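Q: I would like the atomic coordinates for the input below:
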Amino acid sequence: MRALHVITGLGVGGAEQQLRLLLRHLPVHCDVVTLTNPGPVADGLEADGVRVIHLGMTGNRDLGALPRLVRVIRDGGYDLVHTHLYRACLYGRIAARIAGVRAIVATEHSLGDSQMEGRPLTAGVRALYLAGERLGRTTVAVSPTVADRLKRWGVPAPRIEVVPNGIDLDRFRFDPWARLRARQRLGLPDTAYVIGGVGRLTAAKRFGVLVRALARLPADHWLLLVGGGPEENVLRRTAHEAGVADRVLFTGERPAVPDGSPGPDLPSLISAMDVLASPCPEEAFGLAVVEALASGLPVRYASCPAVEDLPARAAPGARRVAGDAGPDAFAHALAEVRAAGPHPRTAPDAAHHYGIARSAARLLGVYRTTLAPDPAEPLRLPPSRVRVPPPPQQTPQPSPQGVTPS
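A: Predicted coordinates:
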């Protein structure tokens with residue numbers, strides 16, 4: 001089986017890093033096309049031996065990218081095309097159909113009730129999404145919550161498969177030595193109680209809530225924000241205005257898998273934390289929460305389908321922040337965690353439920369089902385393989401005696 005993955009970009013983000021991790025565990029020959037921004041994840045994929053093709057798309061309306069993508073698909077002889085993120089799903093599905101590939105899978109990584117990929121949903125976005133979705137065979141939801149959202153949008157239930165995001169449990173296992181080194185490198189005091197936030201620094205993630213919550217907590221509490229994004233300057237200004245700028249640390253983008261970048265990687269930084277807080281109100285999965293659970297951290301969140309879709313006993317250390325999940329609510333919830341004292345850093349059942357090997361196996365099953373003939377489409381054989389039986393031979397019958405045939 002040969003599969004082509006088409007993704008909008010390959011900067012450091014949840015969907016991008018999830019793709020790299022999946023390809024490490026998927027027993028399929030895969031190439032990757034990035035429409036824009038090859039970024040550090042592209043370098044990591046190439047280091048893993050994956051061929052990465054940069055399409056050089058200049059914007060959402062760069063229609064010249066479509067024939068280029070069609071040529072890539074045709075030249076590669078792919079059996080299946082798998083698309084990721086909104087723009088790539090739209091262009092990738094169209095290109096695959098033009099190229100003659102009908103086994104098309106699309107993963108919906110970031111669909112909320114009111115936003116997609118951090119941007120507000122509009123009637124036009126929804127209409128275009130549904131028009132493109134009909135060109136594929138299967139739409140993968142990263143959680144049952146996202147599957148329900150897709151159904152409410154109008155995507156037929158039989159076309160939806162749930163394949164949760166996965167994590168490398170071994171990499172996120174708590175490491176006391178990595179904790180010590182990371183805290184020393186960050187310049188944290190030995191007595192610092194570290195609240196962590198992980199994700200793209202965008203308005204939709206609401207990390208400003210954590211900055212303002214920090215101002216309501218004792219002076220030995222610190223905030224460690226792991227990620228990059230357009231809101232970093234806004235968050236720095238918020239920290240100055242709240243009087244906590246000296247207790248807020250920004251690490252920039254950190255990879256979840258090794259890529260040779262200087263500085264601590266994401267698992268080491270999570271080991272350095274004492275609690276993880278996730279104030280985003282519309283997560284599609286909640287990957288940072290699951291990674292924190294794998295490191296044995298207590299978690300307080302505003303939204304996390306990965307936890308809420310499982311029985312409560314699967315993640316006893318993860319709790320939803322009640323009410324408006326604003327600065328006061330988060331400050332109160334985090335103070336309760338601190339007051340409860342430390343506990344063993346062991347991964348709960350929820351973290352094991354989302355192991356990457358399990359997710360890769362489920363995706364492989366989706367591929368096999370998608371490659372099977374679609375009973376809704378008529379079977380069309382090439383003319384050279386259609387055989388028309390010859391007409392039956394007519395055996396002459398003897399004429400009755402004495403009668404001459406006319």
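Q: how close does Thr139 sit to Met57?
A: For Thr139, the distance to Met57 (Cβ to Cβ, to the nearest Å) stands at 22 Å. All C-beta spots, glycine's among them, are computed from the backbone N, C-alpha and C.
Q: got any ranges where the stretch 201-350 of the chain has weak pLDDT?
A: Scanning the stretch 201-350 of the chain for pLDDT under 70 picks out 255-263.
Q: where do the strands sit along it?
A: Using DSSP state E, counting those that start in this stretch, the strands of the stretch 201-350 of the chain run over 221-226, 248-250, 275-278, 299-301, 318-320.
Q: and those strands as a markdown table, adding mean neighbour count and distance to Ile94?
A: Putting the strands of the stretch 201-350 of the chain into a markdown table (neighbours: other Cβ atoms under 10 Å; distance: least, Cβ to Cβ, whole Å) gives the following:
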| stretch | mean neighbour count | distance to Ile94 |
| --- | --- | --- |
| strand 221-226 | 24 | 36 |
| strand 248-250 | 18 | 39 |
| strand 275-278 | 26 | 35 |
| strand 299-301 | 26 | 37 |
| strand 318-320 | 20 | 40 |
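Q: any chance of those strands in TSV, plus distance to Arg87?
A: Formatted as TSV, the strands of the stretch 201-350 of the chain follow (distance: least, Cβ to Cβ, whole Å):
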stretch	distance to Arg87
strand 221-226	26
strand 248-250	28
strand 275-278	26
strand 299-301	28
strand 318-320	32
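Q: of all these, which lies closest to Leu266?
A: Set against Leu266 and scored by Cβ to Cβ, these come closest in strand 221-226, at 6.5 Å.
Q: so Leu4 is in which element?
A: Per DSSP states H and E: Leu4 is located in strand 2-7.
Q: contacts for that strand, please.
A: 15-16, 19, 23, 28-35, 69, 72-73, 76-85, 88, 91-92, 95, 367 (Cβ atoms under 8 Å, 6 or more residues apart in numbering).
Q: repeat for stretch 52-63
A: Residues from elsewhere that reach stretch 52-63 (Cβ under 8 Å, 6+ apart): 10, 31-36, 38, 42, 45-46, 65, 68-69, 72, 87, 91.
Q: before we move on, the earlier item: which of the contacts of strand 2-7 fall in strands?
A: Counting by DSSP state E, the contacts of strand 2-7 place His29, Cys30, Asp31, Val32, Val33, Thr34, Leu80, Val81, His82, Thr83, His84 in strands.
Q: burial measure for the closest residue to the second one other than its chain neighbours, as a count.
A: To tie it back to what came earlier, the one meant is Cys30. Leaving aside its chain neighbours, Cys30 sits nearest to Ala3 (4.9 Å; criterion: Cβ to Cβ, 6 or more residues apart in numbering). When neighbours are counted by other Cβ atoms under 10 Å, Ala3 registers 21.
Q: how close does Ala360 sit to Val234?
A: Ala360 sits 37 Å away from Val234, going by Cβ to Cβ.
Q: go on, Asn60?
A: 25 Å.
Q: mind listing what's buried along the helix or strand containing Arg362?
A: Here Arg362, judged by DSSP H and E, is contained in helix 356-371. Across helix 356-371, burial judged by 16 or more other Cβ atoms under 10 Å covers Ile356, Ser359, Ala360, Leu363, Leu364, Val366, Tyr367, Thr370.
Q: helices and strands around that helix, which ones?
A: If contacts are counted by 3 or more Cβ pairs under 8 Å, 6 or more residues apart in numbering; DSSP states H and E, helix 356-371 sits against helix 14-25, strand 80-84, strand 104-108, strand 138-141.
Q: what about that helix, average pLDDT?
A: Averaging pLDDT along helix 356-371 gives 96.
Q: repeat that for stretch 72-80.
A: The model assigns stretch 72-80 a mean pLDDT of 97.
Q: what comes up buried for it?
A: Residues of stretch 72-80 classed as buried: Val72, Ile73, Gly76, Tyr78, Asp79, Leu80 (neighbour count, 16+ other Cβ under 10 Å).
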